[in-house]
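> Coordinates for the following, if possible.
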Amino acid sequence: MNAKSKKMLSDNMTWIILVVLVIIMSVANPKFFSVANLTTLLTGESIKGIMAFGMCFAILIKGIDLSLGAVAALVGCVTGALVQPVDYASKVLPGVGQLPGFVAVIIGIVMGVVIGFVIGWLIAYTKIPAFIATLGAQLICRAAAKIFTTRPVSNLSSSYRFLGSGKLFGVIPMIIVVFLIVFAAALFILTQTRFGKSLYAIGGNDQAARVAGIDVEKNMILTYVWCSCMGALGGILLAGRAGSADPANSGLSYELDAVAAATVGGTSHAGGICKVSGVFSGILILGVINNGLVLMGVDDNMTNIIKGVIIIGAVVLDMRKNAKRA
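The predicted structure follows:
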C-alpha cells in the first residue's frame, strides 16, 4: 500500500469503522437499520452531538469544557421557567408572565454567551488551566440551577418545546434539523473563517500564532463562548424534548459524551487537529454502539465499558500519530 492510500485510509478510518459497526448491528438485529430506529438513534444523539461540536473547538486549542452539561441544566431551568403558563400552580416564577418561546430561546443563548465569556476570560487572562476553570464553572452552574429551583420545571409552552420535540413538515424531527445546522455552522467556521484558521494555529503552537499576529486571548474567549452557547442550546433542546428541565439531572455527564465523540472523531488532545466531519462520525459511532447494544439487550454497564475502551484506544492512536510526526 503506497503512502497516498495509507493517508486516505487514515483520514477516513472513523467512517470505515462506522460502516463496519452498522453492518454488524444490522446483522445482529434486523430492526437496527429500520427508518424508525435510525430516527430514534439520531434524535437521541443530537443534543450530545451539538455539545460535541462545541467541545471540539476547545480541544482543538488544547483546552476542554467540563461545564457543558451544567450550563445545559441551568439554561434549561431558567428558560423553561419563563415559558410556564401564568396560571400554573407550580410556576417557578409566579411574578413573571409567560414569554414567547423564541424570546426564551434567545435569553438562553445570551446566558450561554455570558457564561462562555467569563470562562474564556479566566482561562485567557489568568492562565487558569481549562480543566480547573470549567470544572469550577460546572459546579457553579449546577448549584445555581438547584438554587433557582428545587424541583423539575415542567408544563412548558408548545412554542418553546418545538425545537426539541416538534417536526419539520410534520415528518423530520426538529432536533435533528438543529443538529445538522450546527454541524454545518461548525464546519463553516473551522474551514472558511479567519477565526477557525486561528484556532488551528493556536492549537498547533500558541506562541508562534502570537508572533504571527493572532490575538490568542480573544480567540480563546470566543472559543468558550461558542462552547457555552452549544451547552445552552443543548439545554433548551433537552427541556423541549423531555417537556421539563431537572436542575439535578438535566445534562448530567453530557460533557463526557461530548469529549468522547470529539476524541473518537479524531480531534487531537495535543491540539491543532480537528475535522468536524470526523466529530460527526464520532457522534454516530457512539450512537450506533449505544443503540445497537440496547437492541441486543446488553447491560448498560457493559456498554460503558465498551465505550471506555474505544475512547482509550482513540487517544492511544492519536498519541502514536503525534509521536510519528515528531
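> and the host helix or strand of A137, what does it pack onto?
In the assignment (DSSP states H and E), A137 maps to helix 130-148. Contact here means 3 or more C-beta pairs under 8 Å, 6 or more residues apart in numbering; DSSP states H and E; on that basis helix 130-148 packs against helix 68-82, helix 101-126. The C-beta positions use only the backbone N, C-alpha and C, and glycine is treated the same way.
> what about the first one, average pLDDT?
If you average the pLDDT over helix 68-82, you get 95.
> quick one on the thing from earlier: contacting residues around the helix holding A137?
With contact meaning C-beta atoms under 8 Å, 6 or more residues apart in numbering, helix 130-148 is reached by 58, 62-67, 69-71, 73-74, 77-78, 81, 92, 115, 118-119, 122-123, 247-248, 250, 255.
> show me what contacts L60?
By C-beta under 8 Å, 6+ apart, the contact set of L60 is L190, L199, Y200, G203, T223, T267, G271, G272, I273, C274.
> and what of A185?
Contacts of A185 (C-beta under 8 Å, 6+ apart): F53.
> in the helix or strand containing it, what counts as buried?
If you go by DSSP H and E, A185 is part of helix 174-192. By 16 or more other C-beta atoms under 10 Å, the buried positions in helix 174-192 come out as M174, I175, I176, V178, F179, V182, F183, A186, L187, I189, L190.
> Nearest approach to M296 belongs to which of the helices and strands packed on helix 130-148?
Closest to M296 of the helices and strands packed on helix 130-148 is helix 68-82 (C-beta to C-beta; 27.4 Å).
> how many degrees apart are the closest one and helix 101-126 in direction?
Counting by axes from the mean of the first three to the mean of the last three C-alpha atoms, to 10 degrees, helix 68-82 lies at 150 degrees to helix 101-126.
> returning to that earlier point: F53: which of the helices and strands packed on helix 130-148 is closest?
helix 68-82 (10.9 Å).
> What is the closest one packed up against?
If you count contacts as 3+ C-beta pairs under 8 Å, 6+ apart, helix 68-82 packs onto helix 35-60, helix 101-126, helix 130-148, strand 153-154, helix 216-242, strand 244-245, helix 254-264.
> Quick check, central residue of this protein?
M51 (1.0 Å; C-alpha atoms, centre = their mean).
> who's in contact with it?
M51 is in contact with L68, G69, A72, M230, G231, G234, Y254, E255, D257, A258, counting by C-beta under 8 Å, 6+ apart.
> tell me how far stretch 302-320 is from the chain's mean position?
Relative to its parent chain, stretch 302-320 has a centroid offset of 19 Å by C-alpha atoms, centre = their mean, to the nearest Å.
> Which positions in that stretch come out as buried?
For stretch 302-320, by 16+ other C-beta under 10 Å, it's T303, K307, I310, I311, A314, D318.
> got the CA coordinates for the helix holding A185 in PDB?
The C-alpha coordinates for helix 174-192 follow below in PDB (Å, rounded to 0.1, in the frame of the first residue of the first chain):
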ATOM      1  CA  MET A 174     -36.600  19.500  14.500                       C
ATOM      2  CA  ILE A 175     -33.900  18.300  16.900                       C
ATOM      3  CA  ILE A 176     -32.200  16.500  14.000                       C
ATOM      4  CA  VAL A 177     -32.600  19.600  11.800                       C
ATOM      5  CA  VAL A 178     -30.900  21.800  14.500                       C
ATOM      6  CA  PHE A 179     -28.200  19.200  14.900                       C
ATOM      7  CA  LEU A 180     -27.400  19.300  11.200                       C
ATOM      8  CA  ILE A 181     -27.500  23.100  11.100                       C
ATOM      9  CA  VAL A 182     -25.000  23.300  14.000                       C
ATOM     10  CA  PHE A 183     -22.800  20.700  12.100                       C
ATOM     11  CA  ALA A 184     -22.800  22.900   9.000                       C
ATOM     12  CA  ALA A 185     -22.100  26.000  11.100                       C
ATOM     13  CA  ALA A 186     -19.100  24.400  12.900                       C
ATOM     14  CA  LEU A 187     -17.800  23.100   9.600                       C
ATOM     15  CA  PHE A 188     -18.000  26.500   8.000                       C
ATOM     16  CA  ILE A 189     -16.400  28.300  11.000                       C
ATOM     17  CA  LEU A 190     -13.400  26.000  11.200                       C
ATOM     18  CA  THR A 191     -12.700  25.700   7.400                       C
ATOM     19  CA  GLN A 192     -13.800  29.000   6.000                       C
END
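> Taking the contacts of L60, tell me the two that lie furthest apart.
T223 and I273 (15.3 Å).
> Of those two, give the one with the bigger neighbour count.
Neighbours were tallied for T223 and for I273 using other C-beta atoms under 10 Å; the higher tally belongs to T223 (29 against 19).
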